[in-house]
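Student: Pasting the sequence and the predicted model now:
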There are 2 protein chains.
Amino acid sequence: MSEGVDRAMRVLELLAREPAQLGGVAADLGVHKSTALRLLQTLESGGFARRTDGGWTVGLRLIDLAQQALDSLDVRAVARPHLAALGRDCGHTIHLAQLVDDDLVYVDKIEARGQVRMYSRIGRTAPLHASGVGKVVLAYRPQLTRLVEGAALRAYTPATICDPAALRAELTAVAEQGWAADDGEFEPLITCVAAPVRHADGSVSAAVSVTAPTVVATLADLRRLLPRLLATTQQISRDLGWSGP
Amino acid sequence: MSEGVDRAMRVLELLAREPAQLGGVAADLGVHKSTALRLLQTLESGGFARRTDGGWTVGLRLIDLAQQALDSLDVRAVARPHLAALGRDCGHTIHLAQLVDDDLVYVDKIEARGQVRMYSRIGRTAPLHASGVGKVVLAYRPQLTRLVEGAALRAYTPATICDPAALRAELTAVAEQGWAADDGEFEPLITCVAAPVRHADGSVSAAVSVTAPTVVATLADLRRLLPRLLATTQQISRDLGWSGP
DNA sequence: GCAACCCGTTGCGGTGAGCGCAACGCAGGT
DNA sequence: ACCTGCGTTGCGCTCACCGCAACGGGTTGC
């Protein structure tokens, strides 16, 4: 629709991945470098891009805006202290994922006490069929299963549930027991347990998970944390206005 | 330079502050609403804007990109575990600020153990003359004093140092003692101590601070944490390749 | 030393992308 | 029944933006 804006967004995608120079940006967009320069200058004037020694990078304004947007998410604000307390108690990585349109997005994260590197990032989307938070949300939002019914379920690991029937059975079990596990279904050797967060109207559009590498904690270990996790999600739900069981 | 992109950035600024509807966006930009709609649709197609029940909001892609950019900041990655450890030891809010061009930007934050609300946000800029991290950076980057020399120093509180001569004296003291304090100079009743982080070449372009409301910790209390803070910044500096004293 | 690069940057015209306009469908409120 | 304000669509006009070509300044190579 708006060509310039479209190109600008592609530029930001590029720069966020890694800094680039004018020529590279121009080539990647398939435009003349003078065009790319003017784009970058415009972005620079707004603080969305900046120059470094070795080329162009995303600007601070982008980071500021994103953080502003994150802070305006009500679920995040309400949940944060509870997540921090949970993280302090168990020492593992805590994730908060929220459903936005048809995507389940990680919107908060408490780092594990250990120094173990784990690849996850606020802003990324969680695979609905291959993550604890995803399965929890699916289990309580039947209409969302349309997103995984027809589509071929991607196998991230050998443990990923790719068979629709098996997934349906899993979701039924999750809905009944009130929590979900993920034993290496997205990344090998990474395990988690997840539980739903309810809004005032009782709907589930967010979830909390406790994640750890199996070398640190096995699924059995994490299961022992379930009462603590469920207490956390229930407290968050109550803070959001939910008054169910 | 590029009008469309310029408008798009203004739209994002608007949406990040608070969700808005088409009419509001159009009015604020001073354009016809059809124009605003096309802009929003373009942003939507790239994931930079999205529709909610009550209007338009910033999209997830923006958050993802910003987080990606944050993660690529080397200082942040190196410092994070040390900051977490420091936060665990003292329980107060920890900030990491980095100099980007002429702005000192908060790039990481460890929340305080207590539930006390404090207004700071990753992505915001720190006032150079009215914050611990700002004064530390100024003290070790004399060429930057040009930024505060001529300009009228804004008085955030009665304690803010607005007199150039007084500031110069303060910076000299900071440079000598190796750390800076901020006793209500930016926000009343908020105190902090800050120390410099050095890069491999010995230059100072980042700083760490320990912040607390005076009701929780007085300046005297925070001073007692100085050895721990200085040990942290020195360790970060070493991890960055610095081999000084 | 000069030449050959590659970087970012700057006028300059032609043209098509995107602008404003006007009109429509649809909800929700009075 | 009306009205108000939302998002949306088609249509010409025009000016913003594109590509081109040329320039200045670093760095590299022989």
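Tutor: Structure's in. What do you need? Residues are numbered from 1 along each chain as shown, chains lettered A, B, ... in the order given.
Student: drop to CA atoms for contacts and neighbour counts, all remaining ones
Tutor: Will do.
Student: burial measure for residue A:210, as a count.
Tutor: Neighbours of residue A:210 under the rule other C-alpha atoms under 10 Å in any protein chain shown: 29.
Student: If you could redo that for residue A:1, that was the one I meant.
Tutor: 12.
Student: And it, how far from residue B:62?
Tutor: Residue A:1 sits 19 Å away from residue B:62, going by C-alpha to C-alpha, to the nearest Å.
Student: Residue A:66 too?
Tutor: To residue B:62, residue A:66 is 6 Å away according to C-alpha to C-alpha.
Student: Any chance you could list what contacts stretch A:196-204?
Tutor: A:133, A:136-137, A:140-141, A:178-179, A:205-208, A:233-234, A:236-238, A:240-244 (C-alpha atoms under 8 Å, 6 or more residues apart in numbering or on different chains).
Student: And these, which of them are buried?
Tutor: A:133, A:136-137, A:140, A:179, A:205-208, A:233-234, A:236-238, A:240, A:242 (16 or more other C-alpha atoms under 10 Å in any protein chain shown).
Student: Which ones among those residues lie within helices?
Tutor: A:133, A:136-137, A:140, A:233-234, A:236-238 (DSSP state H).
Student: before we move on, which element is the residue sitting nearest the centre point of chain A in?
Tutor: By C-alpha atoms, centre = their mean, chain A has its centre lying nearest to residue A:106, at 2.2 Å. Using DSSP states H and E, residue A:106 maps to strand A:103-110.
Student: May I have that strand exported as CSV, CA atoms only?
Tutor: What follows is strand A:103-110, C-alpha atoms only, in CSV (Å, rounded to 0.1, in the frame of the first residue of the first chain):
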residue,chain,number,x,y,z
ASP,A,103,0.0,-15.4,18.0
LEU,A,104,1.2,-16.4,21.3
VAL,A,105,3.9,-14.0,22.3
TYR,A,106,6.4,-14.1,25.1
VAL,A,107,5.9,-10.8,26.9
ASP,A,108,8.0,-11.3,30.0
LYS,A,109,10.8,-13.5,31.2
ILE,A,110,12.6,-14.0,34.5
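Student: Only C-alpha atoms, please: export the lowest-mean-pLDDT helix or strand in chain A in PDB.
Tutor: The helix or strand of chain A with the poorest confidence is helix A:146-149; it has a mean of 76 (mean pLDDT, DSSP states H and E). What follows is helix A:146-149, C-alpha atoms only, in PDB (Å, rounded to 0.1, in the frame of the first residue of the first chain):
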ATOM      1  CA  ARG A 146      -8.200 -24.200  13.800                       C
ATOM      2  CA  LEU A 147      -4.700 -22.800  13.600                       C
ATOM      3  CA  VAL A 148      -3.200 -26.200  14.100                       C
ATOM      4  CA  GLU A 149      -5.800 -28.500  12.700                       C
END
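Student: quick one: the following helix or strand past that helix to chain centroid distance?
Tutor: Next along the chain after helix A:146-149, taking DSSP H and E as the criterion, comes helix A:164-177. Here helix A:164-177 is found 22 Å from its chain centre; the criterion is C-alpha atoms, centre = their mean, to the nearest Å.
Student: State the mean pLDDT of helix A:164-177.
Tutor: Mean pLDDT, helix A:164-177: 93.
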